[in-house]
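Chemist: No letters, just coordinates:
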């Protein structure tokens, strides 16, 4: 593939490389951040989260429950990072615990939620940010099983932002503390 005619949405240094070569290049500098999505009802939102995870060079994306998501929303970025499917919360959390990861749920419909702006990610070697569906949010099981729950503060009349937007905000806060 010629770099000058490569129309993929890639940074210039990856133009002309095969998908496998792009994956390998990203793997060399992969961040330790992981992202999990629990039964996001709108497939485009899941695709948006995958795309954002790629933008932050997250190590993995975990899809918990419903396996299907809109790859068009991901803009083919799912080819450049590891996407894993877990049929149940139990199988996902067993993996996280076995690898010593801290699961931080992003959810605003619970009293347990604390402000995202007060989260401390710096120096943490294994954070997985967990997101749920637009209307139903995370399951009670996920909320109880997460190590902590954070909410994105709202300043207007709307109670929340779209889950794809929320994921980008939360990943940015992690990157601000851990990468920048």
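Modeler: Cool, the structure landed. Keep in mind it's a predicted model, so treat the numbers as computed, not measured.
Chemist: Tell me how many other residues crowd residue 49.
Modeler: Residue neighbour count, defined by other Cβ atoms under 10 Å, stands at 30 for residue 49. For glycine as for every other residue, the C-beta is placed from the backbone atoms N, C-alpha and C.
Chemist: that's a strand at it, yeah?
Modeler: No - counting by DSSP: H, G, I helix; E, B strand; the rest coil, residue 49 is not part of a strand but helix.
Chemist: can you tell me how far it sits from residue 55?
Modeler: According to Cβ to Cβ, to the nearest Å, residue 49 and residue 55 sit 11 Å apart.
Chemist: for residue 116, same thing?
Modeler: 18 Å.
Chemist: for residue 6, same thing?
Modeler: Using Cβ to Cβ, residue 6 is found at 18 Å from residue 55.
Chemist: try residue 36
Modeler: From residue 36 across to residue 55, the span is 17 Å (Cβ to Cβ).
Chemist: ok so, going back, which one's more surrounded, residue 116 and residue 55?
Modeler: residue 116 (21 against 13).
Chemist: Once you drop chain neighbours, what's closest to the more buried one?
Modeler: residue 150 (4.4 Å; Cβ to Cβ, 6 or more residues apart in numbering).
Chemist: Just say helix, strand or coil for that neighbour.
Modeler: Residue 150 ends up strand, using three-state DSSP.
Chemist: Any idea what it is bridged to?
Modeler: Beta-bridge partners recorded for residue 150 (DSSP bridges): residue 106, residue 114.
Chemist: In contact with it, which residues?
Modeler: The contact partners of residue 150, by Cβ atoms under 8 Å, 6 or more residues apart in numbering, come to 104, 105, 106, 107, 113, 114, 115, 116, 119, 170.
Chemist: ok, now residue 30?
Modeler: Residue 30 touches 57, 58, 59, 81, counting by Cβ under 8 Å, 6+ apart.
Chemist: count of neighbours near the nearest residue to residue 112 once chain neighbours are set aside?
Modeler: Using Cβ to Cβ, 6+ apart and skipping the chain neighbours, the partner closest in space to residue 112 is residue 149 (4.6 Å). Number of residues near residue 149 (other Cβ under 10 Å) recorded here: 22.
Chemist: and the contacts of residue 150 as TSV, adding distance to residue 77 and pLDDT?
Modeler: Output for those, formatted as TSV (distance: Cβ to Cβ, whole Å; pLDDT from 0 to 100):
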residue	distance to residue 77	pLDDT
104	22	98
105	23	97
106	20	96
107	25	94
113	29	94
114	30	96
115	29	96
116	24	96
119	25	96
170	18	98
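Chemist: any idea how far whichever strand or helix holds residue 169 is from the chain center?
Modeler: Counting by DSSP states H and E, the element that carries residue 169 is helix 163-178. Relative to its parent chain, helix 163-178 has a centroid offset of 8 Å by Cα atoms, centre = their mean, to the nearest Å.
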